[in-house]
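Quick one, fold the following:
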Amino acid sequence: MEIKREDILHLADLSNFSLSEKEIDKLGGDLKDIIKYISQLDELDTDKVEPTYQVFEMDNVWRDDEIIPQDAEREMLLKLTKNEANHQIKVPKVL
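A predicted model of the protein is given here:
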């Protein structure tokens, strides 16, 4: 694949980079090397290789949803707040 000067300038514009002439030439060479390196993957025979969807053996961990009694009671917690309305803690608006 040929990397044109216009392609490099377009990428620089998309990335909001300003490049000197020297940097444009160097980036062109670097991009050619990167594409050449990646194109080596085309030579691999992957017909019998299963796709990898997950690199770690992970399973969902499920547990029963059970209510555990708490030491604190609603009335006791409401007494700790400064603002309370309709048996709920009143907080400032977020939005």
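
residues making contact with the one helix or strand H10 maps to?
Element membership for H10, per DSSP states H and E: helix 5-14. By C-beta atoms under 8 Å, 6 or more residues apart in numbering, the residues outside helix 5-14 that reach it are S18, L19, I24, L27, G28, L31. For every residue, glycine as well, the C-beta is placed using N, CA and C.

Could you identify the buried members of these?
Buried by 16 or more other C-beta atoms under 10 Å: L19, L27, G28, out of these.

so which of those would you say is closest to F56?
Nearest to F56 out of these is L27 (C-beta to C-beta; 35.9 Å).

what about that closest one, which SS state?
Under DSSP: H, G, I helix; E, B strand; the rest coil, L27 falls in the helix class.

Of the contacts of helix 5-14, which pair is most distant in space?
Farthest-apart pair in the contacts of helix 5-14 is S18 and L31; separation 17.5 Å (C-beta to C-beta).

Geometric centre of this protein: which residue is closest?
Computing the C-alpha centroid of the chain and ranking residues by C-alpha atoms, centre = their mean puts Q54 first, at 15.8 Å.

what sits against it?
Neighbour list for Q54: empty [criterion: C-beta under 8 Å, 6+ apart].

tell me the secondary structure for it?
coil.

Relative to N60, how far out is it?
Going from Q54 to N60 by C-beta to C-beta, to the nearest Å gives 12 Å.

before we move on, what SS does the closest residue to M1 other than its chain neighbours have?
Excluding its sequence neighbours, the residue lying closest to M1 (C-beta to C-beta, 6 or more residues apart in numbering) is I35, at 5.5 Å. Here I35 is recorded as helix under three-state DSSP.
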